[in-house]
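Enquirer: Just to be clear, the model below is a prediction. Sequence and coordinates:
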Amino acid sequence: MDIRFALIALVHVALVVVGGALIVIDARTHRLPDLIVLPTLASLAALTAVDALLTGRGDALLRALLGLVILGGFYAVLRAISRAGMGGGDVKLAAVIGLVLGWHGWDSLVIGAAAAFVLGAFYALALILLRRATGATRIAFGPWMIAGALLGIVLG
């Protein structure tokens, strides 16, 4: 088995497991625990560095780090503008997702980032139309971030 294939498989299996857990936790509690998100970020950053060393593809590592800064920074700005909107866990999860999507490529980053907002908006609109929510109702955004990331990986 190719070492890079094993590394890519490991990253994606970890993302599915961690992402699934975070979806359940965020949907129930509106929290994305640092105890899960921060070690995931550190592990994925290390794996992208190992990938760059093994393959000699420093461009993928640089793109991953830029994705982390861009998406994490964007969510940090959203949080600064409206603390009632984005939570700190969303900002940290955005850094994780930005790292992974950036590692996959710019198209993945753009698709994944946009898809999260589109999916979240459709969900909120559906709740409003079904009269299960109002414009002021808080929804967990982590599940939509993770779903958007999945779409970014698949479509990007």
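Expert: Perfect, I can see it now.
Enquirer: thinking A76 is in contact with V91, fair?
Expert: Yes: using Cβ atoms under 8 Å, A76 makes contact with V91 at a distance of 5.1 Å. Yep, even glycine has a C-beta here, placed from its N, CA and C like the rest.
Enquirer: Compare the two (neighbour count), which wins?
Expert: A side-by-side neighbour count of A76 and V91, using other Cβ atoms under 10 Å, places V91 first with 21 against 18.
Enquirer: Tell me the pLDDT of the more buried one.
Expert: With respect to pLDDT, V91 has a value of 97.
Enquirer: Contacts only, for it.
Expert: Listed by Cβ atoms under 8 Å, 6 or more residues apart in numbering, the contact partners of V91 are G72, Y75, A76, R79.
Enquirer: all helices for this protein, in order.
Expert: 3-29, 34-55, 58-81, 88-104, 106-129, 142-155 (DSSP state H).
Enquirer: contact partners of the last one?
Expert: By Cβ under 8 Å, 6+ apart, the list of residues contacting helix 142-155 from outside reads 12, 15, 19, 22-23, 25-27, 32, 89-90, 93-94, 97, 100-101, 104, 107-120, 123.
Enquirer: Distance of the residue of the chain positioned farthest from its centre relative to T137?
Expert: In the chain, the greatest distance from the average C-alpha position (Cα atoms, centre = their mean) is reached by R131, at 28.9 Å. Distance, R131 to T137, by Cβ to Cβ, to the nearest Å: 11 Å.
Enquirer: any idea how far the residue most central in space within the chain is from A113?
Expert: Taking Cα atoms, centre = their mean as the criterion, I97 is the residue nearest the geometric centre of the chain, at 2.8 Å. Per Cβ to Cβ, I97 is found 8 Å from A113.
Enquirer: wait, I3 sits on L54?
Expert: Yes: the criterion here is Cβ under 8 Å, and I3 meets it with L54 at 6.0 Å.
Enquirer: quick one: buried residues of stretch 73-83?
Expert: Y75, A76, R79 (16 or more other Cβ atoms under 10 Å).
Enquirer: if you average pLDDT over it, what comes out?
Expert: pLDDT averaged over stretch 73-83 gives 93.
Enquirer: Mind exporting the C-alpha coordinates of it to PDB?
Expert: What follows is stretch 73-83, C-alpha atoms only, in PDB (Å, rounded to 0.1, in the frame of the first residue of the first chain):
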ATOM      1  CA  GLY A  73     -10.000  34.300  10.100                       C
ATOM      2  CA  PHE A  74     -13.300  34.800   8.300                       C
ATOM      3  CA  TYR A  75     -15.200  33.100  11.100                       C
ATOM      4  CA  ALA A  76     -13.300  35.100  13.700                       C
ATOM      5  CA  VAL A  77     -14.400  38.300  11.900                       C
ATOM      6  CA  LEU A  78     -18.000  37.000  11.900                       C
ATOM      7  CA  ARG A  79     -17.700  36.300  15.600                       C
ATOM      8  CA  ALA A  80     -16.300  39.700  16.300                       C
ATOM      9  CA  ILE A  81     -19.100  41.400  14.400                       C
ATOM     10  CA  SER A  82     -21.900  39.500  16.200                       C
ATOM     11  CA  ARG A  83     -21.100  37.400  19.200                       C
END
